[in-house]
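Engineer: the following block contains a protein sequence and its predicted model.
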Amino acid sequence: MKRNFILSACLLVMLLPIAGQNEPTAPPPPSPELDLFSNDISPQVEMMNRYGTYPVDLSTGLVDISIPLYTIKTPGGLTMPLTLSFHASGLRSNEREGLVGVRWRWICQ
C-alpha cells in the first residue's frame, strides 16, 4: 500500500506542467501612452557620454580635460585664450590645492 502511494505520488509529480520548460512568450508591444520617456538614458550612460568626448594622451593614458573660459583680444590682433586644465592622474592625500582647486590650473597661452 505504501509503495503504491509513493509510485502514484511520483507519477503525479511527473505529469504536472513545468513552467520552466514552456516557450517564453513575447512581451506586449509598448503602448504610445506609456512610451513618454523613451529618450531618457541612465546616469551611467550620461557620464560615459560626458567624459567620452575628451581627448586621451595615448602614451600616458591621461585624459586632457580643459575648459576654455575667455579669450583676451588686443587691438593689435593678439589673442590670449584663458583656460582651466585638469590633470587626471589621481589625487594624493598630502596634495595641496592651488588657486583654482586640487589638480586644476590656469593656462594663459
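Structural biologist: Structure's in. What do you need? Numbers count the residues shown, from 1 in each chain.

Engineer: any weak-confidence spans in this structure?
Structural biologist: Across the chain, the stretches falling below the confidence threshold (pLDDT under 70) are 17-24, 28-40, 47, 50-52.

Engineer: what about the helices in the protein?
Structural biologist: When assigned using DSSP state H, the helices of the chain occupy the ranges 2-15, 43-51.

Engineer: so which of those comes closest to residue 25?
Structural biologist: Closest approach to residue 25 among the helices of the chain is made by helix 2-15 (22.7 Å; Cβ to Cβ). The way it works is simple: take the backbone N, C-alpha and C, and place the C-beta from them, glycine included.

Engineer: may I have that closest one as CSV, with CA atoms only?
Structural biologist: Provided in CSV are the C-alpha atoms of helix 2-15 (Å, rounded to 0.1, in the frame of the first residue of the first chain):
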residue,chain,number,x,y,z
LYS,A,2,2.8,2.4,1.0
ARG,A,3,4.7,1.5,-2.2
ASN,A,4,1.7,2.2,-4.4
PHE,A,5,1.1,5.6,-2.8
ILE,A,6,4.7,6.6,-3.4
LEU,A,7,4.6,5.5,-7.0
SER,A,8,1.4,7.3,-7.7
ALA,A,9,2.7,10.5,-6.0
CYS,A,10,5.9,10.3,-8.2
LEU,A,11,3.7,9.8,-11.3
LEU,A,12,1.5,12.7,-10.4
VAL,A,13,4.5,15.0,-9.9
MET,A,14,6.0,14.0,-13.2
LEU,A,15,2.7,14.8,-15.0
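
Engineer: which parts of that helix are buried?
Structural biologist: Within helix 2-15, no residue qualifies as buried by neighbour count (16 or more other Cβ atoms under 10 Å).

Engineer: what helices or strands is it leaning on?
Structural biologist: Judged by 3 or more Cβ pairs under 8 Å, 6 or more residues apart in numbering; DSSP states H and E, helix 2-15 is in contact with no other helix or strand.
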